[in-house]
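**Q** can you look at this prediction? I've put the sequence above it.
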Amino acid sequence: MSVDPGPVPAPLNTEALRKDFPLLSRKVNGRPIVYLDAAASALQPQSVISAMTHYYETTHSNVHRGVYATAEEATALYERARVVAGRFLGAPDPAREVVFTKNTTESLNLVAHSWGRANLRRGDAVLLTEMEHHSSSVPWMLLSEQLGGLDLRYIPVDGSGRLDLSDLDRLVAGVKVVAVSAMSNVLGTINPVASIAEVAHREGAVVIADGAQLVPHVPTDVEALGADFVAYSAHKTMGPTGIGVLWGRASLLEEMPPFLGGGGMILDVKLDGFRPAPPPARFEAGTPPIAEAVGLTAALRYLSEIGMDRIRAHELALTNYALARLDEKLGADVRVFGPPAGPDRGGVISLAYRDVHAHDLAQVLDQFGVCVRPGHHCAKPLMRKLGVQATARASLSLFSDEHDIEVLIEGLTEAGRLFG
Amino acid sequence: MAMGDLDDLYREIILDHYRSPRNRGELESPPAHRVEGFNPLCGDEVVVSMVVEDGKLSDLKIAGSGCSISQSSASLMSAAVKGKPVKEVRRLIGTFKGMMSIHEASLEGDGHGGESNGAEVLAGEPEEVDLDKLGELAALQGVVKFPVRIKCATLSWNALSQGLDEVAAAS
């Protein structure tokens, strides 16, 4: 991460922004909804919903097939989404480097199963971190089983919730792959992917960044990040479910075998074999999520028009506020995981309150209209490291405000009363 | 839905069993039979160890960790079934799961639910279950208004049921 904060971005008008999100007008249990679960899935602005509806009402056809007007328009919209999804990451050649998938999970599996299967052999070393989401670690465990055993190594997490890089030189020695979360979905830690990638590249390793949490909330540039693959999901980026993005270096994608077989990924098929299409089509078998690509374009446009630097500044300031208020109002009763608010911290706030189970906390918070996620957040090794079974996680959006944090605290206080 | 429902879910008796769980621990296995139950969604886990002698569930202990509903349900269950004839225990399991499953069934029924998203269907009182037979366990009926939590409440009961099946199959 760059240290120079640059000019201070103009603050967001959350009151006005809230009007863009139809779901926020809903009441839950008689209370206005307080949506603090963007890390699980973000809400959609009206512009995304309208763009998808408009597409279905006026344009829908399958892509890359028909020669009639709507088919050409649908193809153009789909391919434009690819460019928009890549430009959002500062990708130098998005038309060749962006593969559409179902979600981040499929993007990461694609790399493990296509690149991994072609390039790894039994005993090869793969470096992960203790804070990986299961979608970043389990694909390599699967491959390990299939290849008869990979040497899976883990960068440890220290007491502050950051990666402990003190032993990185030893861990990285001889590794073929490094897969690292760009921002933890549990701790909010923004990891130094660029420095890890620099060390990994000296070893000749391929570096994969799980960008599911970072890309929707922090300005991201693939060149600065230094990874060879970056994955993110539309639905955490205020777009629709059902479409994910995999950015990969063109030189790597070109050497990779197909992932799934089917229509659209071939150049030619004979009875005794096939020739694959060049990337990105090679990795997009079958009818892709077309309306979802249209929705993604609208979502990324919405975020870009507001400005990712402003969104980041807002969420960082609100994280700061939340951590301070939680401490002020609840003191030692609340334990917040992850680093203090700062340049390496995103708006993901996992907490434990006294010894009340996260599930019970979330149940009480629901009565206040507060949506948080209880559980292990698909990061069971990290939960074990933290010494907890589950946490309650509040995660911020661009429209989140101080009032949301106050209602969260009100709910936690009620849980304290109830569970004594 | 208001705080009243929450008080209904977290009845005093449930909180009491959560704070001071009965029959806590594990029995040496063997001779005791040991069953683990997991809820992969939330990570709750329960370990039921049991001894069946002469057609009776002569001893039983509960270990594990999880939310107030899963742990209190396990504790309430242990108090209700320990020392009882296996036949009676199986009947109680059936009655308890009936109290929970009426609502699971209505969830699957009308998927449309209109404006209420089906929530109202779930809020009705169970009809076919004789709550008197459940004694203290009836305190858990508030759970059915919170469908996601039904799995928490039934975790230990499913483990016990599985354990009784395994013991029966082995003898």
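**A** Everything's here; your move. Small disclaimer: the values here were computed from a predicted structure and weren't measured. Residues are numbered from 1 along each chain as shown, chains lettered A, B, ... in the order given.
**Q** could you pull out the helices for chain B?
**A** Remark: helices assigned in chain B by DSSP state H are B:3-9, B:12-19, B:68-81, B:86-109, B:119-123, B:150-170.
**Q** what about the longest one, average pLDDT?
**A** Looking at helix B:86-109 alone, the average pLDDT works out to 75.
**Q** ok, for residue A:60, nearest residue in space, not its chain neighbours?
**A** residue A:74 (6.4 Å; CB to CB, 6 or more residues apart in numbering or on different chains). Using the backbone N, CA and C atoms, a C-beta is placed for each residue, glycine as well.
**Q** okay, buried residues for the helix or strand hosting the one you found please.
**A** Taking DSSP states H and E as the criterion, residue A:74 maps to helix A:69-87. By 16 or more other CB atoms under 10 Å in any protein chain shown, the buried positions in helix A:69-87 come out as A:71, A:73, A:74, A:75, A:77, A:78, A:79, A:81, A:82, A:84, A:85, A:86.
**Q** cool, and stretch A:32-48?
**A** Of the residues in stretch A:32-48, those buried (16+ other CB under 10 Å) are A:32-40, A:42-45, A:47-48.
**Q** give me the helices and strands touching whichever strand or helix holds residue A:324, please.
**A** If you go by DSSP H and E, residue A:324 is part of helix A:308-330. If you count contacts as 3 or more CB pairs under 8 Å, 6 or more residues apart in numbering or on different chains; DSSP states H and E, helix A:308-330 packs onto strand A:334-336, strand A:348-353, helix A:402-419.
**Q** okay, now the closest residue to residue A:106 other than its chain neighbours: neighbour count?
**A** Nearest-residue entry for residue A:106: residue A:244, 5.7 Å, with adjacent residues in sequence omitted and distances by CB to CB, 6+ apart. Residues within reach of residue A:244, counting by other CB atoms under 10 Å in any protein chain shown, total 29.
**Q** who touches residue A:244 in this structure?
**A** Residues in contact with residue A:244 (CB atoms under 8 Å, 6 or more residues apart in numbering or on different chains) are A:100, A:101, A:102, A:103, A:104, A:105, A:106, A:107, A:231, A:232, A:233, A:234.
**Q** is the closest residue to residue A:372 other than its chain neighbours in a bridge, and if so with what?
**A** Spatial nearest neighbour of residue A:372, excluding adjacent residues (CB to CB, 6+ apart): residue A:394 at 4.8 Å. Taking DSSP bridges as the rule, residue A:394 bridges to residue A:349.
**Q** isn't residue A:394 right up against residue A:35?
**A** No: judged on CB atoms under 8 Å, residue A:394 makes no contact with residue A:35 at a distance of 9.9 Å.
**Q** can you list which of the contacts of residue A:244 are found in strands?
**A** A:100, A:101, A:231, A:232, A:233 (DSSP state E).
**Q** can you give me the end-to-end span of stretch A:107-120?
**A** 18 Å (CA to CA, to the nearest Å).
**Q** average model confidence for that stretch?
**A** Stretch A:107-120 comes out at a mean pLDDT of 98.
**Q** again with stretch A:37-55
**A** 98.
**Q** end-to-end on it?
**A** 28 Å.
**Q** same thing with stretch B:144-151?
**A** 10 Å.
**Q** next: stretch A:55-67.
**A** Note: stretch A:55-67 ends 18 Å apart using CA to CA.
**Q** for it, which outside residues touch it?
**A** Contacts of stretch A:55-67 (CB under 8 Å, 6+ apart): A:68, A:70-75, A:77-78, A:264, A:281, A:287-288, A:290-291, A:294.
**Q** pick the one among the residues you listed closest to residue B:15.
**A** residue A:291 (48.1 Å; CB to CB).
**Q** distance from whichever helix or strand the closest one is part of to the middle of the chain?
**A** Taking DSSP H and E as the definition, one finds residue A:291 inside helix A:290-306. Distance of helix A:290-306 from the chain centroid (CA atoms, centre = their mean, to the nearest Å) equals 16 Å.
**Q** for that helix, which helices and strands make contact with it?
**A** helix A:46-58, helix A:69-87.
**Q** report the angle between that helix and helix A:69-87.
**A** 50 degrees (axes from the mean of the first three to the mean of the last three CA atoms, to 10 degrees).
**Q** so what's the nearest residue to residue A:139 once chain neighbours are set aside up against?
**A** Leaving aside its chain neighbours, residue A:139 sits nearest to residue A:112 (3.5 Å; criterion: CB to CB, 6+ apart). Contacts for residue A:112 (CB under 8 Å, 6+ apart) come out as A:139, A:140, A:142, A:143.
**Q** sec struct for the first one, please.
**A** Which is residue A:139. State at residue A:139, reduced to three classes by DSSP: H, G, I helix; E, B strand; the rest coil: helix.
**Q** surely residue A:152 touches residue A:143?
**A** No: using CB under 8 Å, residue A:152 makes no contact with residue A:143, being 9.8 Å away.
**Q** neighbour count for these two, which is higher?
**A** residue A:143 (20 against 14).
**Q** just to be sure, that one is in a strand?
**A** No: under three-state DSSP, residue A:143 sits outside any strand and is assigned helix.
**Q** quick check: it vs chain B, distance?
**A** 22 Å (CB to the nearest CB, to the nearest Å).
**Q** which residue is nearest the middle of the chain?
**A** Reading this off chain A. residue A:212 (0.8 Å; CA atoms, centre = their mean).
**Q** my question was about chain B
**A** Centre-nearest of chain B using CA atoms, centre = their mean is residue B:154, 3.7 Å out.
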